[in-house]
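J.: Can you look at this prediction? I've put the sequence above it.
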Amino acid sequence: MEIVIQPTPEAASLIAAHIIANLVRDKPDCVLGLATGSTPLPMYRELARMHREDGLDFSRVTTFNLDEYVGLPPEHPQSYHAFMHEHLFRHIDAAPERIHIPNGMAADVPAECARYEAAIRAAGGIDLQVLGIGTDGHIGFNERSSSLASRTRIKTLTEQTRRDNARFFGRPENVPLHVITMGVGSIMDTRQVLLLAFGENKARAVAEAVEGPITAMNPASILQMHAVAKALLDEPAASKLALGDYYRWVFANKPQWQRFVRGR
Ligand code: F6R
């Protein structure tokens, strides 16, 4: 895994946004895998700015979101449909028919999960997947002990994740129990992964994921087996890494052609 440590979330998010922008320019009909939560917000703000001010064109891009709460209709303010509309889609020119988010209201959840997997396949697979990480190492809503080969399916959230997400719902009891999430195997099939993690409360999960053993007890650790995975971290999230100085050294000495933020 490539580890990039930046002084602030904004600096790391700028790199992530440039990597995505370069992909969208090089392959205008690319397929992006997107995440919700607090972590990608600065990156989405920068992508919106690039659309507004630099004319970055998302009109042919296809998107698939990682997950959605079961039982929340798209218009519910805490649904991930509403989140994505509010923080990204209403600011860019993505075509509504190419935006995909699991349907948390589906009467037949297994059929919805199979449909979602088929839609990803039909789109040609995901070129670049954006990920956050839970304080326990979850990616998507693949909680600890999730099969590392899992596909899109229903999951039951842990108490920890419901507490972490209670800030959006007022109280942990209001956080839905069930979600539909792309599986760890679905994430591993993507061609490139950008894992973003900010803040001291992510430091342990990040250190285990990057430098620990590969284990379902930290689902993000499977990314060690992904051929093209970058972790973009701020200093607090990187604070428990044993090889932090080495990762900073590697980044500082990148050859020019390998730099992420190339002007265009
Ligand atoms: C969101 C998702 C989750 C979050 C993770 C971190 O679509 O799949 O894995 O990325 O829970 O959440 P934040 O960014 O709010 O700390």
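T.: Here it is on my side, so go on.

J.: Stretch 38-54 near the ligand at all?
T.: Yes: interface with the ligand: stretch 38-54 contributes Ser38, Thr39 (Cβ under 6 Å from any ligand atom). Using the backbone N, CA and C atoms, a C-beta is placed for each residue, glycine as well.

J.: Please point out which parts of that stretch sit buried.
T.: Thr39, Pro40, Leu41, Pro42, Met43, Tyr44, Arg45, Glu46, Leu47, Ala48, Met50, His51 (16 or more other Cβ atoms under 10 Å).

J.: got the CA coordinates for it in CSV?
T.: The C-alpha coordinates for stretch 38-54 follow below in CSV (Å, rounded to 0.1, in the frame of the first residue of the first chain):
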residue,chain,number,x,y,z
SER,A,38,-17.3,13.1,7.3
THR,A,39,-14.0,12.1,5.8
PRO,A,40,-14.6,12.7,2.0
LEU,A,41,-16.3,16.1,2.6
PRO,A,42,-13.2,18.3,1.9
MET,A,43,-12.5,16.2,-1.2
TYR,A,44,-16.1,16.6,-2.5
ARG,A,45,-15.9,20.4,-1.9
GLU,A,46,-12.7,20.5,-4.0
LEU,A,47,-14.3,18.4,-6.8
ALA,A,48,-17.3,20.8,-6.8
ARG,A,49,-14.9,23.7,-7.0
MET,A,50,-13.1,22.1,-9.9
HIS,A,51,-16.4,21.6,-11.7
ARG,A,52,-17.5,25.2,-11.0
GLU,A,53,-14.3,27.0,-11.7
ASP,A,54,-12.2,24.7,-13.9
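
J.: Quick one: residues in contact with it.
T.: 9-10, 13-14, 16-17, 20-21, 34, 56-58, 87-88, 91-93, 130, 132-133, 196-198 (Cβ atoms under 8 Å, 6 or more residues apart in numbering).

J.: What of stretch 65-85?
T.: By Cβ under 8 Å, 6+ apart, stretch 65-85 touches 33-36, 99-105, 109, 129, 131, 139-141, 154, 168-169, 176-182, 187.

J.: sorry, back to before: could you identify the most distant pair in the buried residues of stretch 38-54?
T.: Greatest spacing in these, by Cβ to Cβ: Thr39 and His51 (20.2 Å).

J.: okay but Gly104 is in contact with Thr181, surely?
T.: No: in this structure Gly104 lies outside contact range of Thr181 using Cβ atoms under 8 Å: 10.8 Å.

J.: between the two, who's got more neighbours?
T.: Thr181 (29 against 24; other Cβ atoms under 10 Å).

J.: contacting residues around the more buried one?
T.: Going by Cβ under 8 Å, 6+ apart, the list of residues near Thr181 reads Leu66, Asp67, Pro102, Gly140, Phe141, Asn142, Thr152, Arg153, Lys155.

J.: give the contact list for the third one.
T.: Contacts for Pro102 (Cβ under 8 Å, 6+ apart) come out as Asn65, Asp67, Glu68, Glu112, Cys113, Tyr116, Thr152, Ile180, Thr181.

J.: which residue sits closest to the residue of the stretch 51-200 of the chain found nearest the ligand, ignoring its sequence neighbours?
T.: When scored by Cβ to the nearest ligand atom, the stretch 51-200 of the chain has Gly132 as its residue closest to the ligand, at 2.4 Å. Computed as Cβ to Cβ, 6 or more residues apart in numbering, the closest residue to Gly132 that is not its neighbour in sequence is Thr39, at 3.9 Å.

J.: Would you mind giving the secondary structure of that neighbour?
T.: Three-state call for Thr39 (DSSP: H, G, I helix; E, B strand; the rest coil): coil.
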